[in-house]
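# sequence below, structure please.
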Amino acid sequence: MRYWRAFPALLALATGCAVPLEDETRADEGLSTRESSVTWEPCTDTARLLRDIRSGAPGSEPGDLVRGEDGLFFTADDGVYGRELWVSSGTGGAGTFLVKDIRPGLDSAEPNELTVVGSKVFFTADDGVHGRELWVSDGTAAGTWLVKDIHASPMEIGPSGLVEFNGRVYFAADDGVNGRELWVSDGTAAGTFMLEDLNPGAGRSSPRRMTRTPDAFYFVANVGFDVRLWRSVGVAGATPVFEAVEDNVVFSMTPVGSGRVFFLVDNDEGEASLWVTRGTMESTRELRFFHGVYPHDLTALNGKLYFSAGRGRSGLEGEPEGEELWVSDGTMRGTRLLKDIHPGPGDSRPGSLKVLNRRLFFAADDGVSGRELWVSDGTTGGTHLFKDLEPGAPGSSPTELTPIYDTLFFSAETSGTGSEAWVSDGTPGGTRALTELFPGPTGSSPSGFIRSGWDVFFSADDGVHGRELWALPFRPEDRCGPVR
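Just a heads-up that it's a prediction; the model follows:
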């Protein structure tokens, strides 16, 4: 089987990364109704270095940024304790500090798959004694502990595919007896147990690609020589909704609207088909086979699925066309090319598809303006160049598109400045660069934009401190005060 050769993004999907729910960027359980209904805005155009965690290049390389109830959780390597779990309150509050040295000394615990559940964050880590196991933290050293030593051998690869659902975390794990199966945890040892033994005995079903929807979660697992897509409501008794021979790869599950989940199937030939299900085997159907570039960047908007792909076809005839923007309403007839942005066989390569105020923003190259920021209202006529940030080829190459309330954060590269942070209120006139962090043509290459509290965090390299954690005050429009 050749699982990973056709599309690099599958590597991320293999770790169980969930696809965000439609309009999730507007959800924030930590805010009052009043605060979530007003307009939010950057209080300044100048981001702040929160802490020089590791002096000099390459910096602490912050990663795995997730919003917790009382701050931002992330991992970093300070050069003293190795890569461990950190937390930050942003530009105000207690500051930015190491939560716990889980693996004492220079060796790293390498926390990963940080998954917020209520007031805690679950993750996997290796303390040097138990191997990689499930951990939980409330942001304090005393409140950070090993949940359960699931497998006695420290050589086991450990839990993976963490996903939150209904206040608990679900994941794949191998206890050394039942093989790799579906587990669940409430954060206590007693409340951590195998939920499903889909391949009874020592055989393993290897659950993976966990994807949450409003009323269930989906995952891929093997039974015998078959690969299946399963639906679970968090209790024993998951039901299969799709089945194929094991050489097939099922990935990119994307919830759209009420009850539908789109997904891709690679038949082990480096090509993929788009499918849709309503959560039952009977409702699952193939929509279109794509002979060209793998469909990617599957994104929900207004009850439809938008994505980038090469030429799609139902039969075996025809030659691949350019990689362009597609749309599907969940029917074969309604799965179609939305717009040929780069006319003819050329590729516009739409990427980084994100939704802001019920419009789709993305990067594309029309063959004239270079790779720039585009926008679509879901119609052919309403799909157009949003703003030419860097006239001429190759364009500004926008990346890291991140909608936060009514503001789009992204990175773009312009002449003389390199890749720096930009913001947009959804209008060309309200689209601007933030203060340059690395003066000159190199750029600070900001990435990982995420809001927590009253700040938008990201990592960047200013050429002095290496890659470190930065924050931009971002608050309701009447709460910026003296920060300006």
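# now residue 428. Its backbone dihedrals?
When read as degrees, to the nearest 10, the backbone of residue 428 gives phi -60, psi -40.
# and the gap between it and residue 362?
Using Cβ to Cβ, to the nearest Å, one obtains 15 Å as the distance from residue 428 to residue 362. Using the backbone N, CA and C atoms, a C-beta is placed for each residue, glycine as well.
# and if you look at residue 380?
Taking Cβ to Cβ, one finds residue 380 at 15 Å from residue 362.
# who has more neighbours out of these two?
The residue with more neighbours, out of residue 380 and residue 362, is residue 362; 26 against 14, by other Cβ atoms under 10 Å.
# ok, that one - contacts?
297, 308, 325, 350-354, 373-376, 401 (Cβ atoms under 8 Å, 6 or more residues apart in numbering).
# show only the entries of these found in strands.
Per DSSP state E, strands hold the following members of the contacts of residue 362: 297, 308, 325, 351, 352, 353, 354, 373, 374, 375, 376, 401.
# quick one, what contacts the nearest residue to residue 154 once chain neighbours are set aside?
Leaving aside its sequence neighbours, residue 154 sits nearest to residue 131 (Cβ to Cβ, 6 or more residues apart in numbering; 3.3 Å). Residues in contact with residue 131 (Cβ under 8 Å, 6+ apart) are 151, 153, 154, 155, 156, 158.
# residue 61 is in contact with residue 77, correct?
Yes: if you go by Cβ atoms under 8 Å, residue 77 and residue 61 touch, sitting 6.2 Å apart.
# neighbour count: those two, which is higher?
Remark: of residue 77 and residue 61, residue 77 carries more neighbours, 21 against 17, as counted by other Cβ under 10 Å.
# which residue is the nearest non-sequential neighbour of the more buried one?
Spatially, and ignoring its direct neighbours in sequence, residue 77 is nearest to residue 83 (4.2 Å; Cβ to Cβ, 6+ apart).
# and that neighbour, how many neighbours?
22.
# contacts only, for it.
75, 76, 77, 108, 109, 110, 111.
# repeat that for 6 Å
75, 77, 108, 110 (Cβ atoms under 6 Å, 6 or more residues apart in numbering).
# equivalent analysis for residue 303, please.
Taking Cβ under 6 Å, 6+ apart as the test, what residue 303 contacts is residue 257.
# swap the cut-off to 8 Å and go again
Here residue 303 is in contact with 256, 257, 329 (criterion: Cβ under 8 Å, 6+ apart).
# and which of the contacts of residue 131 is nearest to residue 92?
Distances from residue 92 to the contacts of residue 131, taken as Cβ to Cβ, are shortest for residue 158 (36.0 Å).
# next one: the residue lying closest to the closest one once chain neighbours are set aside from residue 78, what distance?
Among residues not flanking residue 158 along the chain, residue 132 sits closest, at 2.8 Å (Cβ to Cβ, 6+ apart). Distance of residue 132 to residue 78, given as Cβ to Cβ: 21 Å.
# same deal with residue 284?
Taken as Cβ to Cβ, the span from residue 284 to residue 78 is 48 Å.
# just residue 160 next, same as before
Distance, residue 160 to residue 78, using Cβ to Cβ: 26 Å.
# which ones among the contacts of residue 303 map onto strands?
residue 256.
# got the contacts of residue 303 as JSON lines, with pLDDT columns?
Formatted as JSON lines, the contacts of residue 303 follow (pLDDT from 0 to 100):
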{"residue": "256", "pLDDT": "98"}
{"residue": "257", "pLDDT": "92"}
{"residue": "329", "pLDDT": "98"}
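# which one of the contacts of residue 303 is nearest residue 415?
residue 256 (39.2 Å).
# SS state for the closest residue in space to that closest one that isn't next to it in sequence?
Once flanking residues are discounted, residue 256 sits nearest to residue 300: 4.2 Å by Cβ to Cβ, 6+ apart. Classification of residue 300 using DSSP: H, G, I helix; E, B strand; the rest coil returns strand.
# cool, and residue 429?
Applying three-state DSSP: residue 429 is helix.
# what number of residues lie near it?
Residue 429, neighbours per other Cβ under 10 Å, totals 8.
# state the distance from it to residue 40.
Taking Cβ to Cβ, one finds residue 429 at 19 Å from residue 40.
# follow-up on the earlier one: may I have the beta-bridge partners of the residue nearest to residue 256?
residue 305 (DSSP bridges).
# so it sits right up against residue 258, yeah?
No: between residue 300 and residue 258 there is no contact under Cβ under 8 Å: 11.1 Å.
# between the two, which is the more surrounded one?
Shown here are residue 300 and residue 258; by other Cβ under 10 Å, residue 300 has more neighbours (23 against 11).
# confidence score at that one?
Here, the pLDDT recorded for residue 300 equals 98.
# low-confidence ranges, this structure, go.
1-36, 312-321, 483-484 (pLDDT under 70).
# want to throw the contacts of residue 83 into JSON lines with secondary structure and distance to residue 217?
JSON lines is the format used below for the contacts of residue 83 (DSSP: H, G, I helix; E, B strand; the rest coil; distance: Cβ to Cβ, whole Å):
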{"residue": "75", "secondary structure": "strand", "distance to residue 217": "25"}
{"residue": "77", "secondary structure": "strand", "distance to residue 217": "32"}
{"residue": "108", "secondary structure": "coil", "distance to residue 217": "30"}
{"residue": "110", "secondary structure": "coil", "distance to residue 217": "25"}
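# give me the distance from the helix or strand where residue 338 lies to the chain's centre.
Assigned by DSSP states H and E, residue 338 belongs to strand 336-339. Put simply, strand 336-339 sits 25 Å off its chain's centre (Cα atoms, centre = their mean, to the nearest Å).
# kindly report the same for stretch 259-271.
Per Cα atoms, centre = their mean, the centroid offset for stretch 259-271 relative to its chain is 18 Å.
# could I have the CA atoms of that stretch written out in PDB?
The C-alpha trace of stretch 259-271 is given here as PDB (Å, rounded to 0.1, in the frame of the first residue of the first chain):
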ATOM      1  CA  GLY A 259     -25.900  16.000   8.900                       C
ATOM      2  CA  ARG A 260     -23.700  15.700   5.800                       C
ATOM      3  CA  VAL A 261     -20.100  14.700   5.700                       C
ATOM      4  CA  PHE A 262     -18.000  14.900   2.500                       C
ATOM      5  CA  PHE A 263     -14.900  12.800   2.200                       C
ATOM      6  CA  LEU A 264     -12.300  11.600  -0.300                       C
ATOM      7  CA  VAL A 265     -11.300   8.100  -1.300                       C
ATOM      8  CA  ASP A 266      -8.000   7.200  -3.000                       C
ATOM      9  CA  ASN A 267      -8.200   3.800  -4.800                       C
ATOM     10  CA  ASP A 268      -4.400   3.400  -4.400                       C
ATOM     11  CA  GLU A 269      -3.800   4.800  -7.800                       C
ATOM     12  CA  GLY A 270      -2.900   8.300  -6.800                       C
ATOM     13  CA  GLU A 271      -6.400   9.600  -7.800                       C
END
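# what residues does it touch?
Counting by Cβ under 8 Å, 6+ apart, 1-2, 5-6, 211, 213, 215, 218, 229, 242, 244, 247-256, 272-279, 286, 289-291, 294-295, 298, 305, 328, 330 sit against stretch 259-271.
# now do stretch 237-252
Contacts of stretch 237-252 (Cβ under 8 Å, 6+ apart): 1, 3, 9-10, 13, 19, 182, 196, 198, 209, 218-220, 222, 225-232, 262-268, 275, 277, 279-281, 283-284, 295-296, 298.
# list the buried ones in stretch 135-149?
135, 136, 137, 138, 139, 144, 145, 146, 147, 148 (16 or more other Cβ atoms under 10 Å).
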